[in-house]
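Novice: Sequence first, predicted model second:
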Amino acid sequence: MDKPASTRQLKVAREVQRDLSEIIRSRGMAAFGGAMVTVSEVRISPDLSIAKAFVSIFPSDRAPQVMALLEEEKRSLRGELGRRVGSQLRIVPEIDFHLDTTLDYAEHIEELLKK
């Protein structure tokens with residue numbers, strides 16, 4: 001089992017989540033094919049070198065295209081993140097994007113309950 005995140009990890013994760021959200025929002029929905037992209041959670045490795053960014057995408061049928069766009073833009077997103085957190089962090093974490101499917105899951109459960 002993973003050991004719980006340290007206070008420093010949690011603080012850095014929160015900061016990365018906030019900054020990454022702002023960066024993505026500033027690019028606008030048009031940059032992601034009209035889809036709304038939200039950074040729902042960031043988990044950071046103990047050495048602060050890797051940030052797992054969980055993104056939820058609406059509408060969810062655009063998820064594959066948006067995930068591909070995020071992968072393509074990973075370097076420039078990390079560069080922008082570096083300009084924002086560079087003063088606080090020694091190394092800018094590598095960003096690893098993951099699709100957050102909790103909304104889809106909740107929707108699915110809701111549909112099952114209605115039946």
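Specialist: Thanks, I have the structure now.

Novice: contacts for stretch 18-28?
Specialist: 32, 37-39, 42, 51, 53, 77, 80-81, 84-85, 95 (C-beta atoms under 8 Å, 6 or more residues apart in numbering). For every residue, glycine as well, the C-beta is placed using N, CA and C.

Novice: hmm, 6 Å instead?
Specialist: 37, 39, 53, 80, 81, 84 (C-beta atoms under 6 Å, 6 or more residues apart in numbering).

Novice: How about the secondary structure of the third one?
Specialist: Put simply, residue 53 is strand when judged by DSSP: H, G, I helix; E, B strand; the rest coil.

Novice: how close does it get to residue 43?
Specialist: As judged by C-beta to C-beta, to the nearest Å, residue 53 and residue 43 stand 8 Å apart.

Novice: In terms of neighbours, single out the busier of these two.
Specialist: residue 53 (26 against 18; other C-beta atoms under 10 Å).

Novice: can I assume the more buried one is in contact with residue 42?
Specialist: Yes - Residue 53 is within contact range of residue 42, at 5.2 Å (criterion: C-beta atoms under 6 Å).

Novice: Pretty sure residue 75 sits in a helix.
Specialist: Yes - with three-state DSSP as the criterion, residue 75 is assigned to a helix.

Novice: Let me know the closest of the contacts of stretch 18-28 to residue 61.
Specialist: Closest approach between those and residue 61, by C-beta to C-beta: residue 37, at 13.9 Å.

Novice: what sits opposite that closest one in the beta ladder?
Specialist: residue 57 (DSSP bridges).

Novice: For residue 2, report the pLDDT, please.
Specialist: Listed pLDDT for residue 2 reads 59.

Novice: What is the burial count for residue 66?
Specialist: 23.

Novice: cool, and residue 5?
Specialist: 15.

Novice: and what of the one 5 residues further on?
Specialist: As a burial measure, residue 10 scores 14 neighbours (other C-beta under 10 Å).

Novice: And for the one 3 residues further on?
Specialist: Using other C-beta under 10 Å, residue 13 has 21 other residues around it.
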